[in-house]
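> For reference, the sequence and a predicted model appear below.
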Amino acid sequence: LCKDRHTVCNAILQHGCALGFADRTLQSDVEFVSMAVGRDGLALQYAAQELRDHKGIVCTAVEQNGFALEFASEAIKGQQDVVLAAVQQNGCAFRFAHDNIKSQKAIVMAVIEETTAPLAVDDDQTSQAPFRILDLDDKLLQDKDVVLAIFRHRAQELQAQLELRQESTDIKRARNFLLAAVQQNPRALRYAPLDLKSEEFFMLAAIGESGFALEYGDEMLRNDPTFMRTAVR
């Protein structure tokens, strides 16, 4: 490990992760670590433990590379402004946030609206992607702003996930989410799977939220006199 400040400084200016070859005293030096993470946020993994709990250093790191959040202290991973900076740099950094912050509206909205990170469609993708829409907290799935943001920015991913829903919990959450969405915009039913648009009970519930939902029901239902009499009451 190198103790020479000049040598380490020159190396860090070329490659931030050169901090990994520095002496422990330099890995504990605020100035050196700040310089390193400013060059490469992932250099945070080589910082002394106490500096991974230094908010200024961590912010610098995640603004350069959102994935640096992985190496922050648990306390810092639970701070909204730090996590927000990380996901704005890379939405996939969401998975490194503390669990108690993953249901915060501001964080979820930032991932949905401000990043290009693809959302998970099935369980196999959850280890890499930020989250599956249907795995979000119930309160978020009923939130007007979140619902509108999903349809505005993530409609195709939502549609793919709705088509793949397999477990009973997914089916129930998909129904509840779509009914909440219809309250905001009946066109949300465009993305509903055909089996739901063909289901009398679901469509009647949707029409109860908005009469315009009828337009998106399955043609067979719309041609059924009994269903139509019930729907237009």
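The structure has been received and is ready for your questions.

> Just give me how far stretch 18-25 sits from the chain centre.
Here stretch 18-25 is found 34 Å from its chain centre; the criterion is Cα atoms, centre = their mean, to the nearest Å.

> and after the helix or strand of the chain with the lowest mean pLDDT, which helix or strand comes next?
Of all the helices and strands that make up the chain, helix 168-184 has the lowest average by mean pLDDT, DSSP states H and E, namely a mean of 84. Downstream of helix 168-184, the first helix or strand assigned by DSSP states H and E is helix 194-197.

> for that next one, what is the average pLDDT?
Averaging pLDDT along helix 194-197 gives 88.

> Other residues contacting it?
Outside helix 194-197, the residues within contact range by Cβ atoms under 8 Å, 6 or more residues apart in numbering are A174, R175, L178, L189, F202, M203, Y216, G217, D218, L221. For glycine as for every other residue, the C-beta is placed from the backbone atoms N, C-alpha and C.

> Next: stretch 73-85.
With Cβ under 8 Å, 6+ apart, stretch 73-85 has contacts from 49, 52-53, 55, 58-59, 62-63, 66, 69, 72, 93-94, 96-98, 100-101, 104, 106-107, 110.

> What's the PyMOL line that selects buried ones from the residues you listed?
In PyMOL, this line selects whichever of the contacts of stretch 73-85 come out buried by 16 or more other Cβ atoms under 10 Å:
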select buried, resi 52+58+59+62+63+66+69+72+93+94+96+97+101+104+107+110
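
> so of the contacts of stretch 73-85, which ones are in strands?
Secondary structure from DSSP state E places none of the contacts of stretch 73-85 in strands.

> returning to what we had before: and the least confident helix or strand of the chain, how far out from the chain's middle?
Distance of helix 168-184 from its chain centroid, counting by Cα atoms, centre = their mean, is 19 Å.

> list the helices and strands it packs on?
Contacts defined by 3 or more Cβ pairs under 8 Å, 6 or more residues apart in numbering; DSSP states H and E place helix 168-184 against helix 138-141, helix 144-153, helix 194-197, helix 200-209.
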